[in-house]
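Asker: Sequence and predicted structure are below.
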Amino acid sequence: MSPPRLDPSHGLRTNARDLVMISVAGQVASPTERGTPWRIGYDGRPRSLPGTGGIVLNHRVGDPCVGLAGDHVEPAVSIRNEARAAGGSPDAANQALQSYSCVGNHAIVTTGRAAGARGVVTGKHGGVDTVLIDFPVPAMRQMAIGDGVQVWAYGLGLRLTDYPDVAIWNCSPRLLARWRPVERNGRIRVKVTHRIPARVMGSGLGRNNVLRGDYDIQMSDPGMVRRYRLGSLRFGDIVGIMDADNRYGRSRLEGHISVGVIVHSDSTVAGHGPGVVSLLSAPASRLQLEVSPDANIARFLDIRPPQPARPSFPLPTVEQRERTVARLRERAMASSARAETGFG
């Protein structure tokens with residue numbers, strides 16, 4: 001099977017022709033659990049929910065990622081490389097898979113009943129260290145845990161040659177070409193679905209690089225969720241994080257902007273929420289954000305039409321409302337019963 005063609009980047013000059021396309025690979029990762037099935041939520045309630053890994057057939061890029069009956073759900077297919085490098089770190093092969101893979105890279109199934117099926121890298125997830133790949137549903141129905149998947153990694157080392165102060169990570173030239181950021185008056189204008197303050201960012205802060213994994217948007221403050229429309233987030237949305245510096249790791253820094261893509265679902269655990277993989281980071285004087293509901297990689301990469309953005313609520317909020325409605329219903333029923341019997 002021939003590798004994909006190289007997509008040029010439109011509008012901005014890059015060093016795309018100097019990049020190295022290199023094959024990395026992994027296996028479809030099994031969902032895993034730790035010693036207990038319970039996750040203690042930021043509301044103090046234990047829940048047992050589907051989490052990371054596996055093949056998720058009914059939630060893909062372009063779908064809502066908030067309010068699911070799940071926790072850190074990875075859309076479509078999650079892969080890891082379980083090989084153990086001789087003489088090196090036991091996880092070296094998987095860390096290379098994480099570092100080299102870029103959003104928008106092509107992938108292909110190499111073993112099993114779905115061998116030959118083509119997919120697209122949509123993100124990566126820290127902690128469990130998986131790479132996320134979208135495949136058509138018919139192919140995913142044929143896939144099994146442990147099937148081999150190869151990624152044509154292309155994008156590591158990408159630079160905007162006229163803008164050395166703009167860091168670009170985890171972004172394939174193909175995604176950059178489809179996203180189409182444009183230069184206007186010395187600033188790079190990029191489309192995003194949301195503008196999010198750095199103060200709501202949680203798990204994943206403090207890493208010394210942004211090549212591996214992601215960091216999470218905290219959803220525990222209902223006021224912040226409403227103010228910044230966080231309930232309308234979808235897998236694959238490209239978002240801007242204000243006062244965030246992702247050039248050399250994940251830090252909060254006033255006067256900087258970082259732009260990334262939503263890769264996994266909401267979480268009920270304190271400090272966690274929808275995950276963001278960094279794409280661009282620069283001083284705010286260099287980046288200008290244009291809010292557009294169409295800024296989703298499902299559209300840019302021709303994966304599928306994204307669902308219209310709609311407001312949803314995090315699972316703890318949904319459950320609290322259900323409990324409130326149930327209590328009101330019980331009171332109404334009790335009041336009605338007392339009226340019918342002549343008591344009360």
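Answerer: Here it is on my side, so go on. Bear in mind the structure is a predicted one, so any value in this text is a computation, not a measurement.
Asker: Check whether Asp63 really touches Arg234, as I assumed.
Answerer: Yes. If you go by CB atoms under 8 Å, Asp63 and Arg234 touch, sitting 6.1 Å apart. For glycine as for every other residue, the C-beta is placed from the backbone atoms N, C-alpha and C.
Asker: chain center to stretch 164-183: distance?
Answerer: Put simply, stretch 164-183 sits 17 Å off its chain's centre (CA atoms, centre = their mean, to the nearest Å).
Asker: quick one: average pLDDT of it?
Answerer: Averaging pLDDT along stretch 164-183 gives 96.
Asker: Show me which positions of it end up buried.
Answerer: Of all the residues in stretch 164-183, those buried under the rule 16 or more other CB atoms under 10 Å are 166-179, 181.
Asker: what does stretch 84-98 give?
Answerer: Neighbour-count burial for stretch 84-98, counted by 16+ other CB under 10 Å, picks out Asp91, Ala93, Asn94, Gln95, Ala96, Leu97, Gln98.
Asker: now swap in stretch 34-49 and tell me
Answerer: Neighbour counts over stretch 34-49 (16+ other CB under 10 Å) mark Arg39, Gly41, Tyr42, Arg47, Leu49 as buried.
Asker: Isn't the second one up against Pro316?
Answerer: Yes. With contacts counted by CB under 8 Å, Gly41 reaches Pro316, the gap being 5.5 Å.
Asker: Common neighbours of the two, please.
Answerer: Common neighbours of Gly41 and Pro316 are listed as Thr268 (criterion: CB atoms under 8 Å, 6 or more residues apart in numbering).
Asker: is it fair to say Asn94 lies in a helix?
Answerer: Yes. If the criterion is DSSP: H, G, I helix; E, B strand; the rest coil, then Asn94 is within a helix.
Asker: list the contacts for it?
Answerer: Contact analysis of Asn94 by CB under 8 Å, 6+ apart lists Gly26, Arg80, Asn81, Glu82, Ala83, Asp129.
Asker: And for Leu253?
Answerer: Ala198, Asp243, Ala244, Asp245.
Asker: From Pro283, how far off is it?
Answerer: 9 Å (CB to CB, to the nearest Å).
Asker: repeat for Pro314
Answerer: Pro314 sits 32 Å away from Pro283, taking CB to CB as the criterion.
Asker: The two: which is more packed in?
Answerer: Remark: of Pro314 and Pro283, Pro314 carries more neighbours, 25 against 14, as counted by other CB atoms under 10 Å.
Asker: Who does Arg252 form a beta bridge with?
Answerer: Residues in a beta bridge with Arg252, per DSSP bridges, are Ala244.
Asker: re earlier: what residues do Asp63 and Arg234 have in common as contacts?
Answerer: Pro306, Gln307.
Asker: between the two, which one's more packed in?
Answerer: Between Asp63 and Arg234, counting by other CB under 10 Å, Arg234 is the more crowded of the two (25 against 18).
Asker: That one contacts Ala309, doesn't it?
Answerer: Yes. Counting by CB under 8 Å, Arg234 touches Ala309, with 6.3 Å between them.
Asker: which residues do these two both contact?
Answerer: By CB under 8 Å, 6+ apart, the residues touching both Arg234 and Ala309 are Thr193.
Asker: Max pairwise distance over the contacts of Asn94: which two?
Answerer: Spatial extent of those (CB to CB) is set by the pair Ala83 and Asp129 at 13.3 Å.
Asker: So for those two, which sits in the more crowded spot?
Answerer: For Ala83 versus Asp129, neighbours defined as other CB under 10 Å are more numerous around Asp129 (19 against 16).
Asker: What's the separation between that one and Asp91?
Answerer: To Asp91, Asp129 is 7 Å away according to CB to CB.
Asker: cool, and Gln307?
Answerer: As judged by CB to CB, Gln307 and Asp91 stand 36 Å apart.
Asker: Could you measure from Gly57 over to His125?
Answerer: That one is not Gly; residue 57 is Leu. Taking CB to CB, one finds Leu57 at 18 Å from His125.
Asker: what helix or strand does the closest residue to Leu211 other than its chain neighbours sit in?
Answerer: Spatial nearest neighbour of Leu211, excluding adjacent residues (CB to CB, 6 or more residues apart in numbering): Ser99 at 4.6 Å. Using DSSP states H and E, Ser99 falls within helix 92-100.
Asker: can you give me how far stretch 241-257 is from the chain middle?
Answerer: Relative to its parent chain, stretch 241-257 has a centroid offset of 18 Å by CA atoms, centre = their mean.
Asker: What is the end-to-end distance of that stretch?
Answerer: With CA to CA, to the nearest Å as the measure, stretch 241-257 spans 6 Å from end to end.
Asker: What residues of it count as buried?
Answerer: By neighbour count, and taking 16+ other CB under 10 Å as the criterion, the buried residues in stretch 241-257 are Ile241, Met242, Asp243, Ala244, Asp245, Asn246, Arg247, Arg250, Ser251, Leu253, His256, Ile257.
Asker: Put together a markdown table for those, with pLDDT and distance to Thr324 on each row.
Answerer: Listed next are these as a markdown table, based on pLDDT from 0 to 100; distance: CB to CB, whole Å:
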| residue | pLDDT | distance to Thr324 |
| --- | --- | --- |
| Ile241 | 98 | 33 |
| Met242 | 98 | 34 |
| Asp243 | 98 | 35 |
| Ala244 | 98 | 35 |
| Asp245 | 97 | 41 |
| Asn246 | 97 | 39 |
| Arg247 | 95 | 45 |
| Arg250 | 96 | 37 |
| Ser251 | 95 | 39 |
| Leu253 | 96 | 40 |
| His256 | 98 | 41 |
| Ile257 | 98 | 39 |
